[in-house]
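**Student:** sharing a model prediction with you, sequence too.
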Amino acid sequence: YGSDAIVSNNTIEWNDNTGVRATTWSNGTIENNWINSNWVYGILIDGWDNVVRKGSNPLVKNNIIIDTGRGTNTANGMHVHSYSNPLIENNAIINSTEDSIWLAEWSQAVLTNNEFDSGGGNYGIASSAPRNVTVTNCSITNTALWDLSLATAYFKMTNCTFNQSKVIFQGTDSNLTVNW
(Lines give C-alpha, C1' and ligand atoms only; values in the text may rest on other atoms or scores of the structure.)
Protein backbone atom coordinates (compact mmCIF):
# COMPACT_ATOMS: atom_id res chain seq x y z
CA TYR A 1 0.00 0.00 0.00
CA GLY A 2 1.05 3.55 -0.68
CA SER A 3 4.03 2.70 -2.84
CA ASP A 4 5.64 5.10 -5.31
CA ALA A 5 7.60 2.30 -6.97
CA ILE A 6 9.00 2.51 -10.48
CA VAL A 7 8.53 -0.55 -12.68
CA SER A 8 10.63 0.18 -15.76
CA ASN A 9 12.35 -1.57 -18.68
CA ASN A 10 11.20 -5.13 -17.91
CA THR A 11 9.89 -8.12 -19.79
CA ILE A 12 6.93 -9.40 -17.77
CA GLU A 13 5.31 -12.51 -19.18
CA TRP A 14 3.47 -15.78 -18.54
CA ASN A 15 2.15 -14.88 -15.09
CA ASP A 16 -0.80 -16.85 -13.75
CA ASN A 17 -2.72 -13.69 -12.91
CA THR A 18 -1.40 -10.14 -13.41
CA GLY A 19 1.71 -8.79 -15.06
CA VAL A 20 1.97 -5.56 -13.00
CA ARG A 21 -0.28 -4.52 -10.12
CA ALA A 22 -0.38 -1.04 -8.60
CA THR A 23 -2.06 -1.62 -5.23
CA THR A 24 -4.34 0.68 -3.29
CA TRP A 25 -2.91 4.14 -2.58
CA SER A 26 -0.08 3.65 -5.06
CA ASN A 27 1.26 6.34 -7.31
CA GLY A 28 4.57 5.49 -8.93
CA THR A 29 5.41 4.83 -12.57
CA ILE A 30 4.97 1.83 -14.85
CA GLU A 31 6.97 2.52 -17.99
CA ASN A 32 8.81 1.00 -20.95
CA ASN A 33 7.76 -2.59 -20.21
CA TRP A 34 6.97 -5.52 -22.52
CA ILE A 35 4.00 -7.24 -20.83
CA ASN A 36 3.14 -10.46 -22.64
CA SER A 37 0.79 -13.45 -22.28
CA ASN A 38 -0.47 -12.89 -18.74
CA TRP A 39 -3.49 -14.87 -17.59
CA VAL A 40 -5.96 -12.18 -16.41
CA TYR A 41 -4.54 -8.62 -16.57
CA GLY A 42 -1.54 -7.06 -18.23
CA ILE A 43 -1.68 -4.15 -15.76
CA LEU A 44 -4.07 -3.89 -12.80
CA ILE A 45 -4.46 -0.48 -11.20
CA ASP A 46 -6.16 -1.40 -7.94
CA GLY A 47 -8.23 1.08 -5.98
CA TRP A 48 -10.13 -1.05 -3.55
CA ASP A 49 -9.01 -2.78 -0.38
CA ASN A 50 -12.42 -3.89 1.04
CA VAL A 51 -12.04 -1.33 3.84
CA VAL A 52 -11.12 2.04 2.35
CA ARG A 53 -12.00 3.35 -1.08
CA LYS A 54 -8.66 4.84 -2.00
CA GLY A 55 -7.47 4.74 -5.57
CA SER A 56 -4.12 4.39 -7.20
CA ASN A 57 -2.79 7.18 -9.41
CA PRO A 58 0.23 5.90 -11.32
CA LEU A 59 1.77 7.16 -14.51
CA VAL A 60 1.54 4.31 -17.05
CA LYS A 61 3.52 5.08 -20.20
CA ASN A 62 5.32 3.54 -23.16
CA ASN A 63 4.33 -0.06 -22.41
CA ILE A 64 3.43 -2.81 -24.85
CA ILE A 65 0.77 -5.14 -23.45
CA ILE A 66 0.12 -8.08 -25.74
CA ASP A 67 -1.84 -11.35 -25.72
CA THR A 68 -3.56 -10.94 -22.34
CA GLY A 69 -5.93 -13.75 -21.46
CA ARG A 70 -4.22 -16.97 -22.32
CA GLY A 71 -6.55 -19.71 -21.18
CA THR A 72 -9.46 -17.50 -20.09
CA ASN A 73 -12.30 -15.58 -21.71
CA THR A 74 -12.31 -12.62 -19.30
CA ALA A 75 -8.98 -10.85 -19.52
CA ASN A 76 -8.20 -7.15 -19.81
CA GLY A 77 -5.03 -5.62 -21.17
CA MET A 78 -5.40 -2.99 -18.47
CA HIS A 79 -7.93 -2.86 -15.63
CA VAL A 80 -8.43 0.43 -13.78
CA HIS A 81 -10.23 -0.33 -10.53
CA SER A 82 -12.54 1.92 -8.54
CA TYR A 83 -11.46 5.38 -7.40
CA SER A 84 -8.19 5.31 -9.35
CA ASN A 85 -7.02 8.24 -11.46
CA PRO A 86 -4.07 7.11 -13.58
CA LEU A 87 -2.40 8.97 -16.41
CA ILE A 88 -2.11 6.42 -19.23
CA GLU A 89 -0.07 7.55 -22.22
CA ASN A 90 1.75 6.16 -25.25
CA ASN A 91 0.86 2.50 -24.65
CA ALA A 92 -0.08 -0.24 -27.11
CA ILE A 93 -2.58 -2.80 -25.84
CA ILE A 94 -2.90 -5.60 -28.37
CA ASN A 95 -4.90 -8.87 -28.42
CA SER A 96 -6.84 -8.99 -25.15
CA THR A 97 -9.57 -11.61 -24.95
CA GLU A 98 -12.09 -9.31 -23.23
CA ASP A 99 -11.29 -5.55 -23.01
CA SER A 100 -8.27 -3.60 -24.11
CA ILE A 101 -8.96 -1.41 -21.08
CA TRP A 102 -11.66 -1.52 -18.38
CA LEU A 103 -12.49 1.56 -16.30
CA ALA A 104 -14.42 0.89 -13.08
CA GLU A 105 -16.53 2.96 -10.70
CA TRP A 106 -15.45 6.50 -9.94
CA SER A 107 -12.16 6.23 -11.81
CA GLN A 108 -11.04 9.38 -13.62
CA ALA A 109 -8.39 8.17 -16.03
CA VAL A 110 -6.63 10.33 -18.60
CA LEU A 111 -5.79 8.34 -21.75
CA THR A 112 -3.44 10.01 -24.25
CA ASN A 113 -1.79 8.65 -27.42
CA ASN A 114 -2.71 5.00 -26.84
CA GLU A 115 -3.39 2.22 -29.33
CA PHE A 116 -6.12 -0.24 -28.38
CA ASP A 117 -6.02 -3.08 -30.93
CA SER A 118 -8.32 -5.72 -29.49
CA GLY A 119 -7.25 -8.34 -32.02
CA GLY A 120 -10.77 -9.78 -31.95
CA GLY A 121 -11.31 -9.28 -28.21
CA ASN A 122 -14.78 -8.08 -27.23
CA TYR A 123 -14.23 -4.40 -26.33
CA GLY A 124 -11.78 -1.56 -26.91
CA ILE A 125 -12.69 0.65 -23.94
CA ALA A 126 -15.29 -0.74 -21.53
CA SER A 127 -16.58 0.92 -18.41
CA SER A 128 -18.87 0.77 -15.42
CA ALA A 129 -19.51 4.16 -13.84
CA PRO A 130 -16.20 6.00 -14.31
CA ARG A 131 -16.30 9.78 -13.99
CA ASN A 132 -14.75 12.44 -16.22
CA VAL A 133 -12.56 10.21 -18.39
CA THR A 134 -10.49 12.13 -20.94
CA VAL A 135 -9.34 10.29 -24.08
CA THR A 136 -7.06 12.12 -26.55
CA ASN A 137 -5.32 10.92 -29.74
CA CYS A 138 -6.19 7.26 -29.20
CA SER A 139 -7.21 4.57 -31.67
CA ILE A 140 -9.52 1.62 -31.10
CA THR A 141 -9.51 -1.20 -33.67
CA ASN A 142 -10.37 -4.87 -34.24
CA THR A 143 -13.06 -5.35 -31.59
CA ALA A 144 -15.46 -8.28 -31.81
CA LEU A 145 -18.37 -6.41 -30.18
CA TRP A 146 -17.96 -2.74 -29.23
CA ASP A 147 -15.22 -0.15 -29.58
CA LEU A 148 -16.79 1.75 -26.67
CA SER A 149 -19.07 0.28 -24.01
CA LEU A 150 -20.23 3.04 -21.68
CA ALA A 151 -22.23 2.28 -18.55
CA THR A 152 -23.01 5.32 -16.41
CA ALA A 153 -19.89 6.88 -17.89
CA TYR A 154 -18.74 10.42 -18.68
CA PHE A 155 -16.20 10.53 -21.52
CA LYS A 156 -14.62 13.38 -23.46
CA MET A 157 -12.77 12.16 -26.57
CA THR A 158 -10.61 14.36 -28.79
CA ASN A 159 -8.94 13.32 -32.08
CA CYS A 160 -9.65 9.62 -31.54
CA THR A 161 -10.38 6.98 -34.14
CA PHE A 162 -13.01 4.32 -33.53
CA ASN A 163 -15.97 2.81 -35.36
CA GLN A 164 -18.91 5.09 -34.56
CA SER A 165 -21.37 2.26 -35.20
CA LYS A 166 -19.66 0.19 -32.47
CA VAL A 167 -20.59 2.36 -29.47
CA ILE A 168 -23.08 1.14 -26.87
CA PHE A 169 -24.61 3.08 -23.99
CA GLN A 170 -25.71 0.76 -21.20
CA GLY A 171 -28.18 2.50 -18.93
CA THR A 172 -29.49 6.03 -19.27
CA ASP A 173 -26.84 8.02 -17.46
CA SER A 174 -23.86 8.15 -19.85
CA ASN A 175 -22.38 11.06 -21.73
CA LEU A 176 -19.93 10.95 -24.63
CA THR A 177 -18.52 14.16 -26.08
CA VAL A 178 -16.42 13.73 -29.23
CA ASN A 179 -14.29 16.40 -30.86
CA TRP A 180 -12.63 15.52 -34.18
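**Tutor:** Looks like it came in fine. Numbering: from 1, shown residues only.

**Student:** measure stretch 131-145 end to end?
**Tutor:** End-to-end distance of stretch 131-145: 23 Å, with C-alpha to C-alpha, to the nearest Å as the criterion.

**Student:** can you list the buried residues in it?
**Tutor:** For stretch 131-145, burial by neighbour count (16 or more other C-beta atoms under 10 Å) applies to 131, 133, 135, 136, 138, 139, 140, 141, 142, 143. The way it works is simple: take the backbone N, C-alpha and C, and place the C-beta from them, glycine included.

**Student:** turn these into a markdown table, columns for secondary structure and pLDDT.
**Tutor:** Putting the buried residues of stretch 131-145 into a markdown table (DSSP: H, G, I helix; E, B strand; the rest coil; pLDDT from 0 to 100) gives the following:
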| residue | secondary structure | pLDDT |
| --- | --- | --- |
| 131 | coil | 85 |
| 133 | strand | 95 |
| 135 | strand | 98 |
| 136 | strand | 98 |
| 138 | coil | 98 |
| 139 | strand | 98 |
| 140 | strand | 98 |
| 141 | strand | 98 |
| 142 | coil | 96 |
| 143 | coil | 96 |
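
**Student:** okay, those residues in JSON lines with distance to residue 168 next?
**Tutor:** Listed next are the buried residues of stretch 131-145 as JSON lines, based on distance: C-beta to C-beta, whole Å:
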{"residue": "131", "distance to residue 168": "19"}
{"residue": "133", "distance to residue 168": "16"}
{"residue": "135", "distance to residue 168": "16"}
{"residue": "136", "distance to residue 168": "22"}
{"residue": "138", "distance to residue 168": "18"}
{"residue": "139", "distance to residue 168": "19"}
{"residue": "140", "distance to residue 168": "13"}
{"residue": "141", "distance to residue 168": "17"}
{"residue": "142", "distance to residue 168": "17"}
{"residue": "143", "distance to residue 168": "11"}
